[in-house]
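Peer 1: return atomic coordinates for the entry below.
(2 chains)
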Protein chains: 2
Amino acid sequence: MAPPAMIGVDLGGTKLLAGVVDADLQVHARAHRAAQALTLNEVLDTVVSAIDEVRAAAPGEVGGVGLGIPCLMDRTRGVAMMSVHLPIAGVPFGDLVAERVGLPVAVDNDANAAMLAEWQAGAARETTDAVLLTVGTGIGSGMVVEGRLARGAFGAGPEIGHMVVDADGPECGGACPNRGCLEAVVSGPALAREGRELARERADSALGRALAAGREITGALVTELAHDGDPAAQEAVARIGRWLGVGIANVVNIFNPQVVVVGGGVIGAGELLLAPAREVVAARALPPMRDAVRIVPSTFGAESGMLGAALLAAGADR
Amino acid sequence: MAPPAMIGVDLGGTKLLAGVVDADLQVHARAHRAAQALTLNEVLDTVVSAIDEVRAAAPGEVGGVGLGIPCLMDRTRGVAMMSVHLPIAGVPFGDLVAERVGLPVAVDNDANAAMLAEWQAGAARETTDAVLLTVGTGIGSGMVVEGRLARGAFGAGPEIGHMVVDADGPECGGACPNRGCLEAVVSGPALAREGRELARERADSALGRALAAGREITGALVTELAHDGDPAAQEAVARIGRWLGVGIANVVNIFNPQVVVVGGGVIGAGELLLAPAREVVAARALPPMRDAVRIVPSTFGAESGMLGAALLAAGADR
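Peer 2: Below is the predicted model:
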């Protein structure tokens, strides 16, 4: 008998994706929700309604639920310790969801879930040592160390986005007291910032014309114009890519991984982002590690967190 | 019957320490050698003569030899890939030693060996997640991740000293192509550099008078004058300590460890180094991880590498 399908829920800071996922990682139903500026009860209701929706559409019985949440977990207590985007700090969120849906619920950081999916079936398959960076509003990260998904002493790690690469750099902001973190120089907002600066400097570029026309310069717009061939937008992406390369060089020197997987919204820029990052890694990382690592985009993209959450529910991380 | 004693050899870039170590980590014989500017054959002869010396003084049969070497290892091939201080790159050094002494030989990076000793019996005892930084001529590092000594895909990691903390900082030098690495701002030479700068700025300090008297301003001298109470020397140590704090904050955010152990020659400055480091960690690291970590000096000091090498020989890392 095949093992039962699991429900994976990727609860982001702005939206939620839930899916019924079978043991072959096939997705049998999906539900989307907005999840911005909610109270704790609204977050709970949103999660439960998405679970109910996909459960009703599942081809058979569902064995459990996995939740990926953008927060620092205390896995010893099953409690979210700190979350920038959701009002769940100090809350045993998994227990509350389990009570409502009557299924066992596993909870982890969303990037750990994404790492698990990429490691079990995606870009980090068949590796013993791998790192995932998801670059979006901030940076999420996951690590596989010597054949195991690793999370640190009480499960709050890794937070590679909060590794300083520029000690006197910009303030990181939000709940992070630090400055010059990788997340402060590599993220959607950082890409928008570089885009605005280049739009002002190069008024005759597509980026400059977009600014003049009153359009909001977002990371998504910069990425779109870069794909369209605008050199100013491409330079904005490349600047972020070079900083990403500094961060990846650190990761390569620290972990000696076989692969570094880059996901999140900003990877929409593809090679325009990764090629400059690889150049910096080639220039900065120690040769033995540098020559043995692949730097690749995620396989599952926006679904990696949801798929990984389902894998968590199935106990694939143990 | 007690397990046999093992010989641990810590082969540094300038000197060698060998010892016969029993299963209770008691040291029954020690041998010291200089090991600077040697050819490969001279390094081999030096190692073998030190092993022979302590073996002759051992209370009983010896079961094997562990070697800690300051190099990036390829543990899949048993070959040193890169060594700044010794001419052993590409050499199956452990095999060569085993052939000469007729005992099984285990080889690892010297800081991995030191981490093993501190984890099994020292400052990181009874932890599941720990990081060691040995600050001397450069920075060596070791990591325990979820209850295992971890070294990366082919055993070359971790090289936390080559984590960039100041992207436009000083060149790292030697075999490292990077700049602004932790090692470039935290090391014996970095302490001497800060000491020279402060000696010039503060001619009436003990440090300034030492410079005026023609003494060479070394890290050891700065440390000595700092312990004697000279404010200029203490400020030089504090500057290094604050940079060390930036590096430790990164390690805390990445690994969520229970303890960070600091060893190596520079830890001779003790709390004069660690207090400023802790202040920076308190200011920069993410609160949940920061509040759960201890930052402490190594228990075994200059003997941690030798003890850890003996533990390697006994298979304590498996």
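Peer 1: A:Ala98 contacts A:Val105, correct?
Peer 2: Yes. Counting by CB atoms under 8 Å, A:Ala98 does reach A:Val105; the two are 4.1 Å apart. The way it works is simple: take the backbone N, C-alpha and C, and place the C-beta from them, glycine included.
Peer 1: looking at these two, which is more packed in?
Peer 2: Comparing A:Ala98 with A:Val105 by other CB atoms under 10 Å in any protein chain shown, the one with more neighbours is A:Val105, at 24 against 19.
Peer 1: in contact with the more buried one, which residues?
Peer 2: Residues near A:Val105 by CB atoms under 8 Å, 6 or more residues apart in numbering or on different chains: A:Gly64, A:Val65, A:Gly66, A:Leu67, A:Gly94, A:Asp95, A:Val97, A:Ala98, A:Ala313.
Peer 1: out of the residues you listed, who has the most neighbours?
Peer 2: Greatest neighbour count in the contacts of A:Val105, by other CB under 10 Å, goes to A:Gly66: 31 neighbours.
Peer 1: one step back: need the overlap of contacts for A:Ala98 and A:Val105.
Peer 2: A:Val65.
Peer 1: for the closest residue to A:Cys71 other than its chain neighbours, give me its contacts.
Peer 2: Among residues not flanking A:Cys71 along the chain, A:Ser83 sits closest, at 3.6 Å (CB to CB, 6 or more residues apart in numbering or on different chains). Contact analysis of A:Ser83 by CB under 8 Å, 6+ apart lists A:Ile69, A:Pro70, A:Cys71, A:Leu72, A:Ala89.
Peer 1: all strands of the stretch 201-318 of chain A, in order?
Peer 2: Counting by DSSP state E, counting those that start in this stretch, the stretch 201-318 of chain A has strands at residues A:259-263, A:294-297.
Peer 1: chain B is nearest to which of those?
Peer 2: Closest approach to chain B among the strands of the stretch 201-318 of chain A (CB to the nearest CB): strand A:259-263, 9.0 Å.
Peer 1: tell me which other helices or strands the closest one touches.
Peer 2: The helices and strands touching strand A:259-263, judged by 3 or more CB pairs under 8 Å, 6 or more residues apart in numbering or on different chains; DSSP states H and E, are helix A:110-121, strand A:130-135, helix A:231-255, helix A:271-284, strand A:294-297.
Peer 1: that strand pairs with which strands, and in what direction?
Peer 2: Paired strands of strand A:259-263, with direction, are strand A:130-135 (parallel), strand A:294-297 (parallel) (DSSP bridges).
Peer 1: now do it: everything it contacts.
Peer 2: The contact list for strand A:259-263 (CB under 8 Å, 6+ apart) reads A:114-115, A:118, A:122-124, A:127, A:130-135, A:244, A:248, A:251-252, A:273-274, A:277, A:293-301, A:304.
Peer 1: put the alpha carbons of it into PDB.
Peer 2: Once non-C-alpha atoms are left out, strand A:259-263 reads as follows in PDB (Å, rounded to 0.1, in the frame of the first residue of the first chain):
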ATOM      1  CA  VAL A 259      25.700  22.600  -4.300                       C
ATOM      2  CA  VAL A 260      24.300  25.900  -3.400                       C
ATOM      3  CA  VAL A 261      20.700  26.300  -4.500                       C
ATOM      4  CA  VAL A 262      19.200  29.800  -5.000                       C
ATOM      5  CA  GLY A 263      15.400  30.200  -4.900                       C
END
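Peer 1: average pLDDT for it?
Peer 2: For strand A:259-263, mean pLDDT rounds to 98.
Peer 1: what's the angle between it and helix A:110-121?
Peer 2: Between strand A:259-263 and helix A:110-121, the angle comes out at 130 degrees (axes from the mean of the first three to the mean of the last three CA atoms, to 10 degrees).
Peer 1: since we're on the residue lying closest to A:Leu44 once chain neighbours are set aside, how many residues are nearby?
Peer 2: Nearest residue to A:Leu44, sequence neighbours excluded (CB to CB, 6+ apart): A:Leu96, at 5.9 Å. By other CB under 10 Å, 18 other residues sit near A:Leu96.
Peer 1: just the one 5 residues further on next, same as before
Peer 2: For A:Val101, the number of neighbouring residues by other CB under 10 Å comes to 18.
Peer 1: for A:His227, same thing?
Peer 2: For A:His227, the count of nearby residues is 15 (other CB under 10 Å).
Peer 1: same deal with the one 3 residues further on?
Peer 2: A count of nearby residues for A:Asp230, using other CB under 10 Å, gives 21.
Peer 1: with adjacent residues omitted, what lies nearest to the residue nearest the centre of chain A?
Peer 2: Against the mean C-alpha coordinate of chain A, by CA atoms, centre = their mean, the closest residue is A:Thr134 at 3.2 Å. Counting by CB to CB, 6+ apart, A:Thr134 lies nearest to A:Gly264, which is 3.6 Å off, once chain neighbours are set aside.
Peer 1: what's near enough to touch that neighbour?
Peer 2: A:Leu133, A:Thr134, A:Val135, A:Gly136, A:Ile139, A:Gly140.
Peer 1: ok, now A:Gly157?
Peer 2: Contact analysis of A:Gly157 by CB under 8 Å, 6+ apart lists A:Met143, A:Ala150, A:Arg151, B:Asp129, B:Asn253, B:Ile254, B:Phe255, B:Asn256, B:Met289.
Peer 1: confidence score at it?
Peer 2: Looking at A:Gly157, the pLDDT reads 85.
Peer 1: that's a strand at it, yeah?
Peer 2: No. Under the criterion used here (DSSP: H, G, I helix; E, B strand; the rest coil), A:Gly157 is coil, not part of a strand.
Peer 1: so how far is B:Val261 from it?
Peer 2: Using CB to CB, to the nearest Å, one gets 17 Å for the distance from A:Gly157 to B:Val261.
Peer 1: find the nearest non-adjacent residue to A:Ser304, please.
Peer 2: A:Ala114 (3.9 Å).
Peer 1: hang on, the earlier thing: mind checking which of the contacts of strand A:259-263 are buried?
Peer 2: Among the contacts of strand A:259-263, those buried by neighbour count (16 or more other CB atoms under 10 Å in any protein chain shown) are A:114-115, A:118, A:122-124, A:127, A:130-135, A:244, A:248, A:251-252, A:273-274, A:277, A:293, A:295-301, A:304.
Peer 1: picking up where we left off before, lowest-confidence one in the contacts of A:Gly264?
Peer 2: Within those, pLDDT is lowest for A:Gly136, at 92.
Peer 1: next one: phi and psi at that one?
Peer 2: phi -140, psi -120 (degrees, to the nearest 10).
Peer 1: which residues are in contact with it?
Peer 2: By CB under 8 Å, 6+ apart, A:Gly136 lies in contact with A:Ser187, A:Gly188, A:Gly264, A:Gly265, A:Val266.
Peer 1: buried members of those into ChimeraX, please.
Peer 2: Selecting only the buried entries of the contacts of A:Gly136 in ChimeraX, with 16+ other CB under 10 Å as the criterion:
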select /A:187,188,264,265,266
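Peer 1: excluding covalently adjacent residues, which one is nearest to the residue of the stretch 51-200 of chain A found nearest chain B?
Peer 2: Proximity of the stretch 51-200 of chain A to chain B (CB to the nearest CB) peaks at A:Gly152, 2.5 Å away. Using CB to CB, 6+ apart and skipping residues adjacent in sequence, the residue nearest A:Gly152 is B:Asn256, 2.5 Å away.
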